[in-house]
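[1] Here is the input, now give the coordinates:
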Amino acid sequence: MNDARSERQTQPKGEHLRLSPLLRAYFERRQDLVRVFAARLRSLEAAEDLVQDMYVRLTQREPEGLTVEQPSAYLFRLGSNLMVDHVRTDSRRRRRDDDWSREAWSPSAHPAAPEAAAVSRDELQRLLQAVAKLKPRTREVFRLHKLEGLSHADVASRLGISKSAVEKHMAIALQQALGVLR
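    Now for the predicted structure:
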């Protein structure tokens with residue numbers, strides 16, 4: 001998990017002297033930001049990720065000459081906006097996964113006719129073979145997310161990888177699975 005010390009360590013010595021007012025405020029208020037967003041998100045890990053995303057935004061996209069009268073207020077607004085984006089994205093993902101689960105496992109999708117059962121068994125066998133051919137890390141990400149129902153953030157935390165890496169592993173796994181089922 002990243003903290004202010006590890007973020008400072010990524011900057012060359014003396015870099016703190018040239019920090020913008022926003023980055024200076026970020027480092028001064030980082031623990032407060034984590035505490036507030038952990039309470040809102042009900043997850044310390046999600047709050048740490050959100051605050052890290054704020055750091056990335058501030059270091060990669062800060063417009064030259066941007067003057068903010070109240071840097072702390074700006075940081076909390078930025079965090080709130082990122083939190084809303086995260087909640088919306090997570091909600092869409094859950095709806096998409098729920099829709100996929102409902103369609104894939106609904107009785108109407110798999111009629112009880114013996115021929116349909118044989119086709120379903122064949123599809124399942126091909127899917128299992130495709131999953132078995134995945135690289136071990138991709139297979140583990142797929143298992144944790146799709147079979148155990150963990151969120152991308154939870155899978156990332158459990159495996160010690162980034163949420164982006166989890167999304168990439170899932171894209172590979174789902175592409176492989178869809179290719180087999182076509």
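[2] OK, contacts around Val155?
    The contact partners of Val155, by CB atoms under 8 Å, 6 or more residues apart in numbering, come to 141, 144-145, 166. Heads up, the C-betas are built off the backbone N, CA and C, glycines and all.
[3] Out of those residues, which is nearest to His152?
    Of all these, His152 sits closest to Val166, with 4.6 Å by CB to CB.
[4] Next up, the contacts around the closest one.
    141, 145, 152, 155-156, 159.
[5] Format the contacts of Val155 as a markdown table; extra columns: secondary structure.
    Below are the contacts of Val155 laid out as a markdown table (DSSP: H, G, I helix; E, B strand; the rest coil):
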| residue | secondary structure |
| --- | --- |
| Val141 | helix |
| Leu144 | helix |
| His145 | helix |
| Val166 | helix |
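[6] Top of those residues by number of neighbours, please.
    When neighbours are counted by other CB atoms under 10 Å, Val141 leads the contacts of Val155 with 27 neighbours.
[7] looking at it, it is touching Ala171, isn't it?
    No: taking CB atoms under 8 Å as the definition, Val141 is not a contact partner of Ala171, at 10.2 Å.
[8] list the contacts for the most centrally placed residue in the chain?
    Centroid check for the chain by CA atoms, centre = their mean gives Lys163 as the closest residue, at 3.7 Å. Shown in contact with Lys163 (CB under 8 Å, 6+ apart): 49, 152-153, 156.
[9] Which members of these are the farthest-apart pair?
    The widest separation within those (CB to CB) is 10.4 Å, between Asp49 and His152.
[10] just to revisit the earlier point, show me which of the contacts of Val155 is closest to Val34.
    Val166 (21.4 Å).
[11] Per-residue pLDDT of the closest one, please?
    Per-residue pLDDT puts Val166 at 92.
[12] same question, Trp100
    81.
[13] tell me what the host helix or strand of it is packed against?
    Secondary structure from DSSP states H and E places Trp100 in helix 71-105. Judged by 3 or more CB pairs under 8 Å, 6 or more residues apart in numbering; DSSP states H and E, helix 71-105 is in contact with helix 21-41, helix 44-61.
[14] So what's the gap between it and the chain middle?
    10 Å (CA atoms, centre = their mean, to the nearest Å).
[15] So what touches whichever helix or strand comes after it?
    The C-terminal neighbour of helix 71-105 among helices and strands, as given by DSSP H and E, is helix 114-133. The contact list for helix 114-133, computed with CB under 8 Å, 6+ apart, reads 110, 139, 142, 173, 176-177, 179-181.
[16] same thing but 7 Å
    Among residues not part of helix 114-133, those counted as contacts by CB atoms under 7 Å, 6 or more residues apart in numbering are 110, 139, 142, 176-177, 180-181.
[17] Alright, calling it a day.
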